[in-house]
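Engineer: For reference, the sequence and a predicted model appear below.
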Amino acid sequence: MLAAAAAPCQPAGMKPTTFIDQKASCDCGAVTLHAQGRVVSMFQCGCRNCQKVSGSGHSSVVLLPADAIVVTGATKSFVRPAESGASFTRRFCPECGTTIYAQSSRAPAFRIVLAGLFAGESDWYAPTQLIFSRHHPDWDLIDAQLPRYQTYRPEKQA
């Protein structure tokens, strides 16, 4: 199900072993997401856009292969330029506005799902890093031992 290449935001040497089979829905219930498969990465993002979408100082993110999620119900999308130069697309419920998933043109084979979408059913979530820490506000407390990167985690050089 996963490509052999390392996924973006996956710490070097990390061997993904978390498998999920969970359903989640938007706040009004009009859209559901079924995630079934191996989690590629779990991280937190402190970029300003994640702050706006989450209403917090960061977003808690689960990265999954695109084919590991099935969405039922109509969604609407919003596309914006990302700091990386990629296009970032957020899919959300047109009724209640809940983010269902997002994707980046930088990594088209993956989907970004906010861990909070699995509210009450996400004890398996364990972030491995904070990306875009340069924008992360001090008032938003995150484990001090979590590795932090100013932007993306640097890619391993061959």
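Structural biologist: That came through, no problem.

Engineer: rest of the way, CA atoms for contacts and neighbours
Structural biologist: Noted.

Engineer: Output the below-cut-off pLDDT ranges for the protein.
Structural biologist: Residue ranges of the chain with pLDDT under 70: 1-16, 155-158.

Engineer: Helices of that one, start to end?
Structural biologist: Ranges of helices in the chain, per DSSP state H, are 48-54.

Engineer: can you map out the strands along it?
Structural biologist: Using DSSP state E, the strands of the chain run over 19-25, 32-38, 41-45, 59-65, 69-72, 76-81, 87-92, 99-104, 110-114, 130-131.

Engineer: Compare those strands and report which one is nearest to Trp124.
Structural biologist: strand 19-25 (8.6 Å; C-alpha to C-alpha).

Engineer: in the closest one, what's buried?
Structural biologist: Ile20, Lys23, Ala24, Ser25 (16 or more other C-alpha atoms under 10 Å).

Engineer: The third one reaches Gly116, doesn't it?
Structural biologist: The one in question is Ala24. No. Ala24 lies out of contact with Gly116 (C-alpha atoms under 8 Å); the separation is 9.5 Å.

Engineer: For stretch 30-49, C-alpha coordinates in CSV please.
Structural biologist: Extracted in CSV, the C-alpha atoms of stretch 30-49 (Å, rounded to 0.1, in the frame of the first residue of the first chain):
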residue,chain,number,x,y,z
ALA,A,30,-22.9,15.0,6.5
VAL,A,31,-19.4,13.8,5.5
THR,A,32,-17.6,10.7,6.8
LEU,A,33,-14.1,9.5,6.4
HIS,A,34,-13.0,5.9,6.7
ALA,A,35,-9.2,5.5,7.3
GLN,A,36,-7.9,2.0,6.9
GLY,A,37,-4.2,1.3,6.6
ARG,A,38,-0.7,2.1,7.8
VAL,A,39,0.0,5.5,9.2
VAL,A,40,2.9,7.0,7.4
SER,A,41,3.7,9.7,9.9
MET,A,42,2.2,11.6,12.9
PHE,A,43,3.4,15.1,13.6
GLN,A,44,2.4,18.6,14.7
CYS,A,45,2.5,21.7,12.5
GLY,A,46,2.9,25.2,13.8
CYS,A,47,2.5,27.1,10.5
ARG,A,48,0.1,30.0,10.5
ASN,A,49,-2.4,28.3,8.3
